[in-house]
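Enquirer: Pasting the sequence and the predicted coordinates here, then a few questions.
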Amino acid sequence: DAKTTQPTSMDCAEGRAANLPCNHSTISGNEYVYWYRQIHSQGPQYIIHGLKNNETNEMASLIITEDRKSSTLILPHATLRDTAVYYCIVSYGTSYGKLTFGQGTILTVHP
Amino acid sequence: SQTIHQWPATLVQPVGSPLSLECTVEGTSNPNLYWYRQAAGRGLQLLFYSVGIGQISSEVPQNLSASRPQDRQFILSSKKLLLSDSGFYLCAWSGANYGYTFGSGTRLTVV
């Protein structure tokens, strides 16, 4: 599985959009980009995933660059409950691939 | 709907004692199953994964073992715990149409 690079930490004001970047320059054509988050002392929670096209669900939006070498997770209106560690992972898919977690980005949402 | 159960939630064990953590999945068949460990302040490390009954793959050499006696049951064991086995243990499953879903975790403290 390709490796990812994320900033160690980010801050965001409550109510603002949180934009979390991820670099995955060695991603292969069949690998998906997954985003998970982990709130303290809980198991990771799935947020969103995509292959080539931008994706949106009730939690977030995922913007993948055309060359697929980087992506951005967008939380449109961050709340205090969004404070967590956010993991960007590339994988061939959960049927076949293992999710390898890096250090992630610690997102702190401030009042 | 699919659910994953993991127990116990917390465990304090003396060094040299055995360990058995159990994980069960409901509402799906033939899931891929995973054991992760998260040491204090660290990322998630994949320990074992299984694609079927009796099929176990180990990711890192360690003092632990895993077994899958039934399709939806995954057990993490140790014959003699070490202090370094302390951590937050997470079970997860994935399927053809479902992403990773994590259990609530077991916080193990070896004293």
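Expert: Yep, that arrived.
Enquirer: if I pick the nearest residue to A:Met59 once chain neighbours are set aside, what's in contact with it?
Expert: In space, and not counting its chain neighbours, A:Met59 is closest to A:Ile47: 5.3 Å by Cβ to Cβ, 6 or more residues apart in numbering or on different chains. In this view, the C-beta of every residue, glycine as well, is placed from N, C-alpha and C. Taking Cβ atoms under 8 Å, 6 or more residues apart in numbering or on different chains, we find A:Ile47 in contact with A:Trp35, A:Tyr36, A:Arg37, A:Asn57, A:Met59, A:Ala60, A:Leu73, A:Tyr86.
Enquirer: Can you give me the end-to-end span of stretch B:82-89?
Expert: Across stretch B:82-89, the terminal residues are separated by 15 Å (Cα to Cα, to the nearest Å).
Enquirer: give me the element residue 46 is part of.
Expert: Assuming you mean chain A. For A:Tyr46, the host element (DSSP states H and E) is strand A:45-50.
Enquirer: right idea, wrong chain: chain B
Expert: Of the helices and strands defined by DSSP H and E, B:Leu46 is found in strand B:44-52.
Enquirer: which helices and strands does that strand pack with?
Expert: In terms of contact count using 3 or more Cβ pairs under 8 Å, 6 or more residues apart in numbering or on different chains; DSSP states H and E, strand B:44-52 is assigned the packing partners strand B:32-38, strand B:55-58, strand B:65-70, strand B:73-78.
Enquirer: Model confidence for A:Gly97, exactly?
Expert: Model confidence at A:Gly97, expressed as pLDDT, equals 64.
Enquirer: Same question for B:Asn97.
Expert: With respect to pLDDT, B:Asn97 has a value of 62.
Enquirer: and if you look at A:Thr94?
Expert: Per-residue pLDDT puts A:Thr94 at 59.
Enquirer: Could you do A:Ile106 as well?
Expert: Reading off the per-residue confidence, A:Ile106 sits at a pLDDT of 96.
Enquirer: what residues are up against the closest residue to it other than its chain neighbours?
Expert: Across the structure, with Cβ to Cβ, 6+ apart as the measure, the residue nearest A:Ile106 apart from its sequence neighbours is A:Ser9 (4.3 Å). Contacts here follow Cβ under 8 Å, 6+ apart; on that basis A:Ser9 touches A:Thr105, A:Ile106, A:Leu107, A:Thr108.
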